[in-house]
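Student: kindly return the folded structure for what I paste below:
(2 chains)
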Amino acid sequence: GAGVSQSPSNKVTEKGKDVELRCDPISGHTALYWYRQSLGQGLEFLIYFQGNSAPDKSGLPSDRFSAERTGGSVSTLTIQRTQQEDSAVYLCASSLAVTYEQYFGPGTRLTVT
Amino acid sequence: KNEVEQSPQNLTAQEGEFITINCSYSVGISALHWLQQHPGGGIVSLFMLSSGKKKHGRLIATINIQEKHSSLHITASHPRDSAVYICAVRSWTSGSRLTFGEGTQLTVNP
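Tutor: Next up is the predicted model:
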């Protein structure tokens, strides 16, 4: 079946612009996660959605970052007024629930110039 | 000190060798994940475990909750096993979030 998909695969933007990154989770997966992997760095948790519960936003690095999940399916991560330090690969993952293994998407490589 | 420490950071092996990657953590956990990241960047979940041992093909993962330690073993290693292996934990106090180790870069030479 279809896995987790993300779009775009690559995004180059100018400093100060807003960007939107999209994640389509596996159908039926109630849990959705966003992670970030900066060049040469480990994975970093950003935000987590579980069903209709309030999202866990504890990993968002600043108020320029926000995310939403519409209809319990597709999620969008928005970065406002991008900075060069936002350059990274942004990964989305989904799972049946928090206690199940996570399936990762291919990521969106964001470059802020 | 990071909550999740992996060793070694880099590992080079010859095809056929038995490989062990270690993960130590400092918090109480509800689950530990082993992930594989290929050179192209894609991440695959290998194991999720909270006790004991799991085996999938040539891969074996073990965890000792009392010692706060997990190991990932690869038997009969192959060049296609070359990847970054990442340990991640979900702690009792962190809710849903995973905390990741820095990863172990494995290179298996033919």
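Student: tell me, how many residues neighbour residue B:5?
Tutor: Close neighbours of residue B:5, defined as other C-beta atoms under 10 Å in any protein chain shown, add up to 16. The way it works is simple: take the backbone N, C-alpha and C, and place the C-beta from them, glycine included.
Student: who does the residue nearest to it when sequence neighbours are not counted bridge with?
Tutor: Excluding its sequence neighbours, the residue lying closest to residue B:5 (C-beta to C-beta, 6 or more residues apart in numbering or on different chains) is residue B:24, at 4.9 Å. As for beta bridges, residue B:24 partners with residue B:5, residue B:69 under DSSP bridges.
Student: what about residue B:24, how many residues nearby?
Tutor: 17.
Student: what distance do you get for it to residue B:67?
Tutor: In this view, residue B:24 and residue B:67 are 8 Å apart by C-beta to C-beta, to the nearest Å.
Student: do residue A:48 as well
Tutor: Residue A:48 sits at a distance of 28 Å from residue B:67 (criterion: C-beta to C-beta).
Student: quick one: which of the two has more around it?
Tutor: Comparing residue A:48 with residue B:67 by other C-beta under 10 Å, the one with more neighbours is residue A:48, at 23 against 8.
Student: pretty sure the more buried one sits against residue B:98.
Tutor: No. Shown here, residue A:48 and residue B:98 do not form a contact pair, counting by C-beta atoms under 8 Å, at 9.1 Å.
Student: which neighbours do these two have in common?
Tutor: Common contacts of residue A:48 and residue B:98 (C-beta atoms under 8 Å, 6 or more residues apart in numbering or on different chains): residue A:33.
Student: give the residue spans of chain B that score low on pLDDT.
Tutor: Within chain B, the stretches with pLDDT under 70 are B:1.
Student: what does it put close to chain A?
Tutor: B:30-31, B:33, B:35, B:41-45, B:48, B:86, B:88, B:90, B:95-103 (C-beta under 8 Å from any C-beta of the partner chain).
Student: same thing but 7 Å
Tutor: B:41-43, B:45, B:48, B:86, B:95-98, B:100-103 (C-beta under 7 Å from any C-beta of the partner chain).
Student: filter the residues you listed down to the buried ones, PyMOL style.
Tutor: In PyMOL, this line selects whichever of these come out buried by 16 or more other C-beta atoms under 10 Å in any protein chain shown:
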select buried, chain B and resi 43+45+48+86+96+97+98+100+101+102+103
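Student: mind putting the residues of chain B next to chain A into a markdown table with secondary structure?
Tutor: Formatted as a markdown table, those follow (DSSP: H, G, I helix; E, B strand; the rest coil):
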| residue | secondary structure |
| --- | --- |
| B:41 | coil |
| B:42 | coil |
| B:43 | strand |
| B:45 | strand |
| B:48 | strand |
| B:86 | strand |
| B:95 | coil |
| B:96 | coil |
| B:97 | coil |
| B:98 | coil |
| B:100 | strand |
| B:101 | coil |
| B:102 | coil |
| B:103 | coil |
